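>>> Kindly generate the corresponding structure for this input.
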Amino acid sequence: MAAPKGRLNRIRNIGIMAHIDAGKTTVTERILYYTGRSHKMGEVHDGEAVMDWMPQEQERGITITSAVTHCPWKGYEVHIIDTPGHVDFTIEVERSLRVLDGAVAIFDAVSGVEPQSETVWHQADKYRVPRLTFINKMDRVGANFFWSVETMKEKLGTHPAIIQLPLGAEERFQGVIDLIKMKAIVWDEEALGATFQEMEIPAEFLPDAQKYRDRLWETLAERSDPLLEKYLSGQEISPGEIKAVLREATLKFDLVPILCGAALRNKGIQPLLDAVVDFLPAPVDVPPVAGVNPKTGQPETRRSLDQEPFAALAFKIITDEGRKLTYLRVYSGILRPEQEVYNSTKGKRERVARIFRMHANKKERIQEVRAGDIVAAAGLKETATGDTLCDEFHPITLERIDFYEPVTSVAIEPKSRPDQEKLDFFLQKFVDEDPTFRVKFDEDTGQTVISGMGELHLEVVVRRLREDFNVAVNVGKPQVVYRETITRAAGGEGKFEREIEGVWHFGHVRLQVEPRLRGTGIEFSRNSADGTVPEEFFSSIEAGVRESTTNGVVAGYPMVDLQVKLLGGTFREAQSTPLAFQVAAAMAFREGCRKAQPVLLEPIMKAEVVVPEEFLGEVIGDLSARKGRIEQIQPKGKVSVVDAFVPLKEMFGYSTNLRSLSQGRGTFTMQFHNFDWIPDKKK
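Next up, the predicted model:
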């Protein structure tokens, strides 16, 4: 395949995403080996994967932090982000997809679409990221290619375009059938899959190959008039024509190309790389990045061109050897070391000291970065995840990254006074690195409380404190982070009248609070104001309300899912101040919430338990005892898949219990679903 002209046309910024244990990191390691980026295959099970460079990743055999690398392939430059598959680290996927142009979704041929697969798929939908699918582990017992494709249709609502079929399955898996070339591809196992040969399709596979080739032709002909004419008239259709139509359909989110292989046995990776450059977008194929001019408030865009004013998004912060490194996706313009940039999110100037091209945790210093690149920069002191860096004379603020709210907390304390300062310092480093990690000092108990996305998330933080930074700490048991809301409408009134340092402050506010549907957030409405409060104080009133939502009236947890309507109040010339109206609004809000039957909400998890049939009854009984609601039970061969919604507080330590119930043969995954009423509080 000839590489197109132009640097930007030869770039692919892609992410590798999937459920835990589907083989993302193994696929990435093979890509690095076959492209010449690595000279040895790193194996996850040996703790030697290049992309899993953290000690805890190597020990656990899972990806915890997204790692960035790049590699050449047939004249193209492929930038890759290998993302975690565990739900506790889903923010790593979120912020990676925000800056990527395309993605490869990997599914286990035995398990099909799993819970975290759905989550990452919908995250890619949210950021409009075109993707293709690689059905991995075709060599495993129970591998079923066509069933896996069906789970994609059912659970993800996709329109798959099968461009490869497996050549056998399970222990008889030999290679793949390329439906575009109508050739079988078989890998040389002695050469670790580095070489392969194309051959005629074996007779026993030919009927299926012709059937699915015809289906692919029909699917594509529906999307291209020239292709339709050739197809109906029986003319020869070239692979180039097929690829062009399939590429267009992929970029329009109309079709998802489906490939297959077995990464651990070194089969299927080279055609996957070909598909990445054939079907996933270059930076010039995606729409110009949109933002807002912070000075005028008007929408603006930046095309992916070196000639456009500089604009980049900071999507990840790490601490490397005690120094802050900021990962950037450059959307437009050129950046060089020692150059001054403008942080439009914070309204501050920053200087870039050095720029690095990353290969996992290894840094290569470079002298220039251009549109379409993903790099790391040192020297940016104020920049945080989600901030925009740009040309000060052509400012733009890009859309920020959405962050998830933590659901689990533990109390943490230093074992000695010298450890206290170190603890505070490194906890702040973790907060800078991870937007889903929070630290709060509880004045009532005198404890430092850390919060995150799950038990594993917080366990990793504690292990890093102890082992990487030598901070001796004691840790309490995990605690659930609750939310509060209201169950009926009520009015509230607040009046603030006080003299402060010789200045009289007066504000009087009347509000109405009403419940909203679960998950819809907080809305402040000024439309019902009766005109008694000047508009200049509306922003202060809203600020008072929103500040009060962080500390609920039941137990001090954040409030969610309610609407606040400003009804009116009282204004006094020369005495009313923004401060007074802000305090009065907070008083009115809290009074209204106290009268609106406030309740506690707890995090509910969506759990999927896979268990052999003989243990199904015990597992279902145990989930019911944990106040779980069984949604469905699906038989799948010799195991059953149980889908259930269970309160998070009931799931602490569940993995140990499940092993005991199933003689170590059961597995489970869970992810946050929503906040709901605590059962004993329901009326």
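>>> Follow the chain on from the helix or strand of the chain with the lowest mean pLDDT and name the next helix or strand.
Every helix and strand in the chain was compared by mean pLDDT, DSSP states H and E; the lowest is helix 55-60, with a mean of 48. Counting by DSSP states H and E, the element after helix 55-60 in chain order, helix or strand, is strand 67-73.
>>> Report all helices and strands that that following strand contacts.
helix 24-34, strand 76-82, helix 269-279, strand 354-359, strand 374-378 (3 or more CB pairs under 8 Å, 6 or more residues apart in numbering; DSSP states H and E). Where you see a C-beta, it was placed from the backbone N, CA and C, and this is true even at glycine.
>>> can you tell which of the ones you listed is closest to residue 322?
Evaluated with CB to CB, those place strand 374-378 nearest to residue 322, the distance being 11.5 Å.
>>> that older thread, out of the helices and strands packed on strand 67-73, the one nearest residue 650 is which?
helix 24-34 (30.0 Å).
>>> Now do the same contact list for residue 595.
Going by CB atoms under 8 Å, 6 or more residues apart in numbering, residue 595 touches 490-492.
>>> Model confidence score at it, please.
At residue 595, the model reports a pLDDT of 95.
>>> Please apply the same query to the one 10 residues further on.
For residue 605, the model assigns a pLDDT of 87.
>>> Would you mind giving the helices and strands packed on strand 67-73 as CSV with mean neighbour count, mean pLDDT and distance to residue 305 added?
As requested, these are exported to CSV (neighbours: other CB atoms under 10 Å; pLDDT from 0 to 100; distance: least, CB to CB, whole Å):
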stretch, mean neighbour count, mean pLDDT, distance to residue 305
helix 24-34, 26, 87, 28
strand 76-82, 24, 88, 17
helix 269-279, 22, 95, 21
strand 354-359, 20, 88, 19
strand 374-378, 23, 91, 17
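>>> possible to save these as CSV with distance to residue 110?
Output for the helices and strands packed on strand 67-73, formatted as CSV (distance: least, CB to CB, whole Å):
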stretch, distance to residue 110
helix 24-34, 15
strand 76-82, 22
helix 269-279, 19
strand 354-359, 32
strand 374-378, 33
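>>> quick one, which of these is nearest to residue 523?
Nearest to residue 523, of all these, is strand 76-82, at 34.6 Å by CB to CB.
>>> could you say what helices and strands the helix or strand that the closest one is followed by packs with?
Using DSSP H and E, the helix or strand that directly follows strand 76-82 along the chain is helix 90-99. With contacts taken as 3+ CB pairs under 8 Å, 6+ apart, helix 90-99 sits against strand 11-18, helix 115-126, strand 311-320.
>>> ranking those by burial, who's on top?
Neighbour counts (mean count of other CB atoms under 10 Å) averaged over each of the helices and strands packed on helix 90-99 peak at strand 11-18, with a mean of 27.
>>> For that one, name the packing helices and strands.
Helices and strands touching strand 11-18, by 3+ CB pairs under 8 Å, 6+ apart, are helix 24-34, strand 76-82, helix 90-99, strand 102-108, helix 115-126, helix 269-279.
>>> Quick check: which of those is nearest to residue 161?
Proximity to residue 161, assessed across the helices and strands packed on strand 11-18 by CB to CB, is greatest for helix 269-279 (9.2 Å).
>>> Show me what the closest one is in contact with.
Contacts for helix 269-279 (CB under 8 Å, 6+ apart): 1, 12, 14, 27, 30-31, 34-35, 73-74, 76, 78, 102, 104, 130, 132, 134, 163-164, 176, 178, 185, 193, 196, 243, 246-247, 250, 257, 259, 261, 263.
>>> are any of those buried, and which?
12, 14, 27, 30-31, 34-35, 73, 76, 78, 102, 104, 130, 132, 134, 163-164, 176, 178, 185, 193, 196, 243, 246-247, 250, 257, 259, 261, 263 (16 or more other CB atoms under 10 Å).
>>> what about the longest strand in this protein?
If you go by DSSP state E, the chain has its longest strand at strand 598-612.
>>> Looking at the helices and strands packed on strand 11-18, which is nearest to residue 516?
Closest to residue 516 of the helices and strands packed on strand 11-18 is helix 115-126 (CB to CB; 21.3 Å).
>>> before we move on, the earlier item: which stretch among the helices and strands packed on strand 67-73 comes nearest residue 158?
helix 269-279 (14.3 Å).
>>> and that closest one with strand 102-108, angle?
Taking axes from the mean of the first three to the mean of the last three CA atoms, to 10 degrees, helix 269-279 and strand 102-108 form an angle of 140 degrees between their directions.
>>> where along the stretch 351-500 of the chain do the helices fall?
Assigned by DSSP state H, counting those that start in this stretch, the stretch 351-500 of the chain shows helices spanning 417-433, 455-463.
>>> List the contacts of the spatially most central residue of the chain.
For the chain, residue 94 is the residue whose C-alpha lies nearest the centre (CA atoms, centre = their mean; 2.2 Å). Neighbouring residues of residue 94 by CB under 8 Å, 6+ apart: 123, 401-404.
>>> Just the buried residues from those, in ChimeraX please.
To isolate the buried ones among these in ChimeraX, judged by 16+ other CB under 10 Å, type:
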select :123,401
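>>> which of the contacts of residue 94 are the two that sit furthest away from each other?
Among those, 123 and 403 lie farthest apart (CB to CB), at 12.6 Å.
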